[in-house]
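>>> okay, here's the prediction I keep looking at, along with the sequence it came from:
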Amino acid sequence: EILKSAGHKYATSSSSLATQTHQDRSRRRHFYQLNSHSNMKCFGLRHRRERRVSEPCVISDLVGPNLVLADKTRISTHSALNGKICILFFAASWCPPCHSFTPRMEEIYKEFQSRAGGAVLSPIEVVLVSSDYNQDDMLSYTKNWTSLPFGSPRREELEKRYKVTDIPTVVVLRPDGSMMTDKGRQAILAKGADAMAEWVLECGLDASPWMTSSNDASDSDSEYH
């Protein structure tokens, strides 16, 4: 009786253990499948995003039909950016890192423009995408370039499109609207105005007025592209 009872309990215990093991394996298999599906989904979303931003598009569809100058004058996006490289400068007057980068950005942009001696129009335009809380603060950042109109819903759309998670960030667009790089800030800090000259060269535009003896065409294959 005792032996029979013990055997029955052992068999029951073994059966229960086998059932539990099978359930654990099933859970692990299900979790792996879910995780794999999630990873594949994330990879697919990332791949689609990279393909989307690298495809040509109409820049005015991205930033809107009008831009704003420092004196609050509105200008046509088409007239300001048509045929040019567009630098989207994500920044804000309240951002401490922007306080150190923005003067450098202004200095380099002026240096780049001065290389042609004013004889040729600059092939690059900077558009400020501001995160400021009021228009006056935003306009204080637009002395040397244009900006999205204050409160434009395009700002959040651009931040989402180019995965901007911190500022300052510099995204460079080709004249056809496709993204050249989202590491423009790093390139500018590393190479200064030469980085802008290389972007002009990479786009197949006439870069000769903005090139210097220090420029090397091979640099267009930079790690920042």
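Yep, it's here. Numbering: from 1, shown residues only.
>>> now the strands for the chain?
For the chain, the strands defined by DSSP state E cover 66-68, 74-76, 85-91, 124-130, 146-147, 169-173, 179-181.
>>> tilt between the third one and strand 169-173?
Going by axes from the mean of the first three to the mean of the last three CA atoms, to 10 degrees, strand 85-91 is angled at 160 degrees with respect to strand 169-173.
>>> also the fourth one?
Angular relation of strand 124-130 and strand 169-173 on a 0 to 180 degree scale: 140 degrees, by the same axes, to 10 degrees.
>>> same for strand 124-130, what does it pack against?
If contacts are counted by 3 or more CB pairs under 8 Å, 6 or more residues apart in numbering; DSSP states H and E, strand 124-130 sits against helix 77-81, strand 85-91, helix 96-114, helix 135-139, strand 146-147, helix 154-161, helix 193-202. Just so you know, the C-beta spots here come from the backbone N, C-alpha and C atoms, and that holds for glycine as well.
>>> would you mind measuring from the closest residue to A195 other than its chain neighbours to R115?
Closest residue to A195 apart from its sequence neighbours, by CB to CB, 6 or more residues apart in numbering: A187 at 4.1 Å. Between A187 and R115 the computed distance is 17 Å (CB to CB, to the nearest Å).
>>> do the same with M105
Taken as CB to CB, the span from M105 to R115 is 16 Å.
>>> which one of the two has more residues nearby?
M105 (22 against 16; other CB atoms under 10 Å).
>>> list the contacts for that one?
Neighbour list for M105: 89, 126, 168, 170, 188 [criterion: CB atoms under 8 Å, 6 or more residues apart in numbering].
>>> pLDDT-wise, which helix or strand of this protein ranks last?
Least confident helix or strand, the chain: helix 2-53 with a mean of 48, by mean pLDDT, DSSP states H and E.
>>> ok, now which ones touch the residue lying closest to L205 once chain neighbours are set aside?
Excluding the flanking residues, the one nearest L205 by CB to CB, 6+ apart is P123, at 5.2 Å. Going by CB under 8 Å, 6+ apart, P123 touches 83-85, 200, 203, 205-206, 210.
>>> buried ones only from those residues, please, as a ChimeraX command.
Burial among the contacts of P123 is assessed by 16 or more other CB atoms under 10 Å; the matching ChimeraX selection reads:
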select :84,85,200,203,205,210
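>>> could I get the helices and strands packed on strand 124-130 in a markdown table, plus columns for mean pLDDT?
Listed next are these as a markdown table, based on pLDDT from 0 to 100:
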| stretch | mean pLDDT |
| --- | --- |
| helix 77-81 | 94 |
| strand 85-91 | 97 |
| helix 96-114 | 93 |
| helix 135-139 | 90 |
| strand 146-147 | 94 |
| helix 154-161 | 96 |
| helix 193-202 | 94 |
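>>> since we're on the residue nearest to E111 when sequence neighbours are not counted, how many residues are nearby?
Nearest non-adjacent residue to E111, counting by CB to CB, 6+ apart: A193, 4.4 Å away. Neighbourhood size, A193 [other CB under 10 Å]: 21.
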